[in-house]
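J.: Curious how this folds, go ahead:
(one chain, ligands or ions: 2)
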Amino acid sequence: MKPERIDLLVHNIGVLVTMGGRPGPRRGREMSDVGLVTGGAVAIADGKIVAAGAEADVRAEIAGLPVERTLDAEGRLVTPGLVDPHTHLVHGGSRENELVLKQKGLSYLDILAQGGGILSTVRATRAATEDELYEKARKSLDIMMLYGATTVEAKSGYGLTLEDELKQLRVTRRLDETHPVDLVSTFMGAHAVPSEYKGRSAEYVKLVIEEMLPEVKRQGLAEFCDVFCEHGVFSVDESRAILAAAKELGFGLKLHADEIEPLGGAQLAAEMGCISAEHLLAATDEGLKAMRDAGVIAVCLPATSFNLRAKSHARARDMIEEGVPVALSTDYNPGSSPTESLQLVMTLACLHLGMSPEEVITAMTINAAYAIGRGDQIGSLVPGKQADLVLFNAENLAYVPYHFGINHVDTVIKKGRVVVAGGRLMED
Ligand SMILES: N=CN[C@@H](CCC(=O)O)C(=O)O
Ligand SMILES: [Zn+2]
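T.: Ligands and ions are numbered 1, 2, ... in the order given. Now for the predicted structure:
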């Protein structure tokens, strides 16, 4: 239905990336087709896209409608709002001490086994008040938005008691209600076995299944459930039991799979019907094939493998050739990936994962949107979808990952509202 007026017309766009195309996550060669238009415009009404494409076509389509406000893009690159589908946004403390431990040769799992790593963030998160957690996460969310993110997934998993998990999830809900960025909430009580259950992981799994999952569901605090399936954390059988219980309760499923050891996490994600499997550095060919056949999206996290100085990175090229849809994310967290910048991830995905700039933007928009169950609302600039857009100070797509380490975002539009302008946050 045609609106009565246009609230915002973004015009004089140098290069417009619409990501238009068939519904569904993009795979294989489709990931290179970004619906690119030179000399574009986007018309917005009621927070939604009315038209996006060549400026002459958009103007013809909205001819006769009053235009409330225009925004001259001055030849900038415009893409759909970036979607970050895997973060551990809400947490207490920070772990810069691990930088030196890594330099001394300790691995991620060594640090965790000594009671550090995730478990040190658990202590800091338990000690923090809800307001402290909110303030800290809000600052990170501001940075994410300044760097182009308009929708972000956020996991719990640093509480590891029912009350502390609920505390983290309530902070996510409050951020979603108060911040322009939309949050998608994931319960990850099975992120580590807490110290008080050391050597008794079966009992902790029981707690997650019998107490945490039903209460999180009852309070409607999370849409997805995720598990860290890894040697020394949760086994394939434990992960399967948690995912099965979550599925029964109606949660969507995600899995931290085959990050460090090839345990068969990718196969488990396929077996359980997970919407996405994350990390996947050690996933086997069989695992990738199983994911392709089951339609599981691979969420690759190159900032994590970079920061952990992993010997190799996720096999994004093999995934794309195999027909597995690939998404990208910061994995923002205080240990393995302390960065909010999806633009840094773009560079790392090009250089370490061998992805083209077109594949990268597909992985951070439409495929990332499908990885969090939002593919029908965001991730592309097509009529009817939410008007989430980013204007980059760049003349083409490759320039952003090429000129790395700085922020190229000029303007962010969220649901039709300008929330970042001139690279700065707009006050309410
Ligand atoms: N690998 C497990 N969990 C997080 C790291 C969390 C942390 O180190 O605090 C990840 O996805 O990288
Ligand atoms: Zn993670």
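
J.: going forward, measure contacts between C-alpha atoms and count neighbours the same way
T.: Fine.

J.: for ligand 1, what are the nearby residues on the stretch 51-200 of the chain?
T.: Within the stretch 51-200 of the chain, the residues that sit near ligand 1 (Cα under 6 Å from any ligand atom) are 117-118.

J.: Nearest to ligand 1 within the stretch 51-200 of the chain, name that residue for me.
T.: Ile118 (4.1 Å; Cα to the nearest ligand atom).

J.: what's that residue in contact with, if anything?
T.: If you count contacts by Cα atoms under 8 Å, 6 or more residues apart in numbering, Ile118 has them with 112, 158, 192, 335.

J.: Can you tell me the SS state at the residue of the stretch 301-428 of the chain found nearest ligand 1?
T.: Ranked by Cα to the nearest ligand atom, the top residue of the stretch 301-428 of the chain for proximity to ligand 1 is Gly335, at 3.8 Å. Secondary structure for Gly335, judged by DSSP: H, G, I helix; E, B strand; the rest coil, is coil.

J.: Correct me if wrong: it contacts Gly117.
T.: Yes - with contact defined as Cα atoms under 8 Å, Gly335 reaches Gly117; the gap is 6.4 Å.

J.: These two: which has the busier surroundings?
T.: Each of Gly335 and Gly117 has its neighbours counted (other Cα atoms under 10 Å); Gly335 has more, 24 against 21.

J.: So what's the residue count around Tyr197?
T.: For Tyr197, using other Cα under 10 Å, the count is 12.

J.: Okay, strands next: where are they in the stretch 51-200 of the chain?
T.: Along the stretch 51-200 of the chain, counting by DSSP state E, counting those that start in this stretch, strands occupy 70-72, 77-80, 82-84, 149-155, 182-190.

J.: could you check the angle strand 149-155 makes with the last one?
T.: Going back to what we said before, that points to strand 182-190. 20 degrees (axes from the mean of the first three to the mean of the last three Cα atoms, to 10 degrees).

J.: and for strand 182-190, what are the contacting residues?
T.: For strand 182-190, using Cα under 8 Å, 6+ apart, the contacting residues are 150-161, 165, 169, 172-173, 175-176, 205, 208, 212, 216, 221-228, 234, 372.

J.: contacting residues around the closest residue to Glu132 other than its chain neighbours?
T.: Closest residue to Glu132 apart from its sequence neighbours, by Cα to Cα, 6 or more residues apart in numbering: Gly92 at 7.9 Å. Neighbour list for Gly92: 121-122, 124-128, 132-133, 136 [criterion: Cα under 8 Å, 6+ apart].

J.: Buried only: go through those residues for me.
T.: Burial by neighbour count, 16 or more other Cα atoms under 10 Å: within the contacts of Gly92 this picks out 121-122, 124-126, 128, 133.

J.: is it fair to say Tyr204 lies in a strand?
T.: No - assigned with three-state DSSP, Tyr204 falls outside any strand and is helix.

J.: export the strands of the stretch 51-200 of the chain to a markdown table and tack on mean pLDDT?
T.: Below are those laid out as a markdown table (pLDDT from 0 to 100):
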| stretch | mean pLDDT |
| --- | --- |
| strand 70-72 | 98 |
| strand 77-80 | 99 |
| strand 82-84 | 99 |
| strand 149-155 | 99 |
| strand 182-190 | 99 |
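
J.: starting at the chain centroid, how far to stretch 65-84?
T.: 22 Å (Cα atoms, centre = their mean, to the nearest Å).

J.: measure it end to end?
T.: Using Cα to Cα, to the nearest Å, the end-to-end distance of stretch 65-84 comes to 35 Å.

J.: Likewise for stretch 80-93?
T.: 32 Å.

J.: ok, residues contacting stretch 11-23?
T.: 33-42, 52-53, 55, 70-80, 362, 365-366, 375-376, 379-382, 395-396.

J.: rerun at 7 Å
T.: 34-42, 55, 71-80, 380-382, 395-396 (Cα atoms under 7 Å, 6 or more residues apart in numbering).

J.: Give me the below-cutoff pLDDT ranges for the chain.
T.: 428 (pLDDT under 70).

J.: How much space separates the residue of the chain most remote from its centre from Met426?
T.: Distance from the C-alpha centroid of the chain, by Cα atoms, centre = their mean, peaks at Gly64 (39.3 Å). Going from Gly64 to Met426 by Cα to Cα gives 31 Å.

J.: can you check Glu196 too?
T.: With Cα to Cα as the criterion, Glu196 and Met426 are 45 Å apart.

J.: Kindly report the same for Thr70.
T.: Relative to Met426, Thr70 is positioned 17 Å away (criterion: Cα to Cα).

J.: Please apply the same query to Glu223.
T.: 30 Å.

J.: what about those two, which has more around it?
T.: Set Glu223 next to Met426 and count neighbours by other Cα under 10 Å: Glu223 wins out with 17 against 13.

J.: I'd guessed the more buried one sits against Leu253; true?
T.: No - with contacts counted by Cα atoms under 7 Å, Glu223 stays clear of Leu253, the gap being 8.8 Å.

J.: related to what we said a few turns ago, what would the contacts of Ile118 look like in JSON lines with distance to Gly14?
T.: Shown next, in JSON lines, are the contacts of Ile118 (distance: Cα to Cα, whole Å):
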{"residue": "Leu112", "distance to Gly14": "48"}
{"residue": "Tyr158", "distance to Gly14": "44"}
{"residue": "Ala192", "distance to Gly14": "47"}
{"residue": "Gly335", "distance to Gly14": "39"}
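
J.: which ones among these are found in helices?
T.: Leu112 (DSSP state H).

J.: tell me, what residue is most central in the protein?
T.: Pro85 (1.8 Å).

J.: hang on, the earlier thing: and the contacts of Ile118, which is closest to Ser239?
T.: Taking Cα to Cα as the measure, Ala192 is the one of the contacts of Ile118 closest to Ser239, at 11.5 Å.

J.: which residues does the closest one contact?
T.: By Cα under 7 Å, 6+ apart, the neighbours of Ala192 are Val233.

J.: Quick check: it vs Arg240, distance?
T.: 15 Å.

J.: From Glu223, how far off is the residue lying closest to Thr365 once chain neighbours are set aside?
T.: Spatial nearest neighbour of Thr365, excluding adjacent residues (Cα to Cα, 6+ apart): Gly379 at 4.4 Å. Applying Cα to Cα, the value for Gly379 to Glu223 is 19 Å.

J.: Please apply the same query to Asp410.
T.: Distance, Asp410 to Glu223, using Cα to Cα: 32 Å.

J.: Kindly report the same for Ser185.
T.: Ser185 sits 6 Å away from Glu223, going by Cα to Cα.
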